[in-house]
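# turn this into a structure:
(one chain, ligands or ions: 1)
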Amino acid sequence: MTSNAQKPGEPFVPTKLIKHFQANHTTRDAQSSGWSALWDSQQNDLWDRGKPSPALIDFIESAPWPAPEGRRPKALVPGCGKGYDVVMLALHGFDVYGLEVSPAGVETARAYAAGQLKAPFAYNYGDGNQDKYSKDKRGEVTFLVGDFFKRDWESKCVREGETFGGFDLIYDYTFLCALLPEMRQDWGRRMGELLGPHPAKLVCLEFPLYKDLKLPGPPWGLREGIYYDVLAGGGTGVFDNDEAAQAALQRPIKGPMERVSRIMPPRTYPQGEGTDQLGIWQLKSR
Ligand SMILES: C[S@@+](CC[C@H](N)C(=O)[O-])C[C@H]1O[C@@H](n2cnc3c(N)ncnc32)[C@H](O)[C@@H]1O
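Numbering: from 1, shown residues only. As a prediction, this is how the structure comes out:
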């Protein structure tokens with residue numbers, strides 16, 4: 001996603017994406033139609049990074065994912081866009097669900113996945129690692145049209161005879177920052193509902209951590225304390241200054257999750273180099 005990262009004192013210049021939302025899609029109810037309109041008019045280049053997340057690839061390849069008994073690990077990428085990370089995770093052995101509110105977005109993602117699953121680009125793997133992930137161990141890719149905040153699509157993420165038990169991995173990149181701040185608390189609650197029990201993990205590539213919290217989005221500026229507040233603190237995650245966001249890190253854990261680790265990934269997209277962090281979460285131990 002493009003972003004307004006102007007230096008302090010420089011005037012704020014709204015991007016095309018921000019102007020689009022400011023014109024007709026300022027309310028919560030109008031968010032989904034705002035994104036769909038961009039997909040319908042083929043303006044997804046406004047946030048498209050052109051490849052899967054290097055930070056997620058390195059994380060996935062750093063250790064074998066704990067294998068659930070009798071099945072492949074199951075992953076969810078909400079607001080998956082063109083599906084780069086969905087395909088990459090399937091190539092690494094996950095059964096992956098890409099969720100998109102836009103039917104045109106899902107169509108675009110399905111076309112992308114069809115090509116990549118036949119002949120994957122090298123960018124899906126860390127340097128020299130392609131041969132470690134054999135074709136017969138690949139998982140399946142499913143794209144669903146659905147609203148993350150509703151539950152009607154969850155039943156489509158189970159095989160016959162199964163009940164929905166949550167995902168083993170959920171990956172968020174530029175989904176939280178795409179949402180109005182007032183939607184953050186519900187984002188955290190939904191993540192808690194969708195994540196499976198231990199050792200399942202929610203992985204958030206935190207972006208944009210440098211953007212002034214007072215500026216409009218998308219992308220809306222985020223901070224460590226915002227993720228912490230909604231996932232662990234059980235708060236709203238709405239702060240308009242750095243001090244308040246930082247103070248949220250001291251809140252007692254009343255939310256659904258606890259943080260396992262937070263690292264600066266060695267590789268990430270150029271837009272987040274030097275600032276992106278990878279936050280790893282799990283359901284709170286009771
Ligand atoms: C900024 S884009 C990020 C796309 C993708 N994560 C990427 O890195 O390319 C946000 C995406 O979330 C989708 N989206 C927005 N609200 C959604 C919702 N409530 N449920 C599912 N998808 C949603 C939009 O259609 C858009 O494709």
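# my guess is Ile263 meets Gln277, correct?
Yes: with contact defined as C-beta atoms under 8 Å, Ile263 reaches Gln277; the gap is 6.9 Å. The C-beta positions use only the backbone N, C-alpha and C, and glycine is treated the same way.
# which parts of the stretch 101-250 of the chain are helices?
103-118, 184-194, 224-228, 242-247 (DSSP state H, counting those that start in this stretch).
# quick one: stretch 28-46 near the ligand?
Yes: Stretch 28-46 reaches the ligand (C-beta under 6 Å from any ligand atom) through Gln31, Ser32, Trp35.
# same question, stretch 155-174
Yes: counting by C-beta under 6 Å from any ligand atom, the ligand is contacted by stretch 155-174 at Tyr173, Thr174.
# how long is that stretch end to end?
Terminal residues of stretch 155-174 lie 25 Å apart, using C-alpha to C-alpha, to the nearest Å.
# and it, what's buried?
Cys157, Gly166, Phe167, Asp168, Leu169, Ile170, Tyr171, Asp172, Tyr173, Thr174 (16 or more other C-beta atoms under 10 Å).
# contacts for that stretch, please.
With C-beta atoms under 8 Å, 6 or more residues apart in numbering as the test, stretch 155-174 has contacts from 1, 47, 53, 56, 65-66, 68, 73-79, 81, 85, 89, 94, 97, 142, 144, 146, 154, 191, 193-197, 199-205, 207, 219.
# what residues does the stretch 101-250 of the chain put near the ligand?
Val101, Ser102, Gly105, Asp147, Phe148, Phe149, Tyr173, Thr174, Phe175, Ala178.
# doesn't Pro103 make contact with the fourth one?
Yep, that's Asp147 we're talking about. No: taking C-beta under 8 Å as the definition, Asp147 is not a contact partner of Pro103, at 12.0 Å.
# tell me which two of the buried residues of stretch 155-174 sit farthest apart.
Gly166 and Thr174 (22.7 Å; C-beta to C-beta).
# residue contacts, Ala244?
Contacts for Ala244 (C-beta under 8 Å, 6+ apart) come out as Gly225.
# tell me the pLDDT at the residue positioned nearest the centre of the chain?
Residue closest to the average C-alpha location in the chain (C-alpha atoms, centre = their mean): Asp172, at 1.6 Å. Asp172 carries a pLDDT value of 98.
# show me what it is bridged to.
Beta-bridge partners for Asp172, by DSSP bridges, are Cys204.
# list the contacts of Tyr84.
Shown in contact with Tyr84 (C-beta under 8 Å, 6+ apart): Arg49, Gly50, Lys51, Pro52, Ser53, Tyr112.
# do you know how far it is from the ligand?
Per C-beta to the nearest ligand atom, to the nearest Å, Tyr84 is found 6 Å from the ligand.
# shaky segments in this structure?
For the chain, the stretches flagged by pLDDT under 70 are 1-9, 286.
# okay, now the domains of it?
Domain assignment for the chain by automatic domain parsing gives 16-44, 45-283.
# now, of these, which is deepest in the fold?
domain 45-283 (a mean of 18; mean count of other C-beta atoms under 10 Å).
# quick check: chain neighbours aside, which residue is closest to Pro181?
Closest residue to Pro181 apart from its sequence neighbours, by C-beta to C-beta, 6 or more residues apart in numbering: Val238 at 4.6 Å.
# whoops, I mixed them up, Gly272
Counting by C-beta to C-beta, 6+ apart, the residue nearest Gly272 is Phe207, at 4.8 Å.
# list the contacts for that neighbour?
Residues near Phe207 by C-beta under 8 Å, 6+ apart: Met1, Tyr173, Thr174, Cys177, Pro219, Leu222, Gln271, Gly272, Thr275, Asp276.
# of those, which belong to strands?
Mapping those onto strands (DSSP state E) picks out Tyr173.
# any chance of the contacts of Phe207 in TSV, plus distance to Phe21?
Listed next are the contacts of Phe207 as TSV, based on distance: C-beta to C-beta, whole Å:
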residue	distance to Phe21
Met1	12
Tyr173	19
Thr174	14
Cys177	13
Pro219	11
Leu222	17
Gln271	19
Gly272	21
Thr275	23
Asp276	23
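# can you give me the strands in this structure?
Using DSSP E, the strands of the chain run over 74-78, 95-100, 141-145, 169-173, 201-206, 257-263, 277-283.
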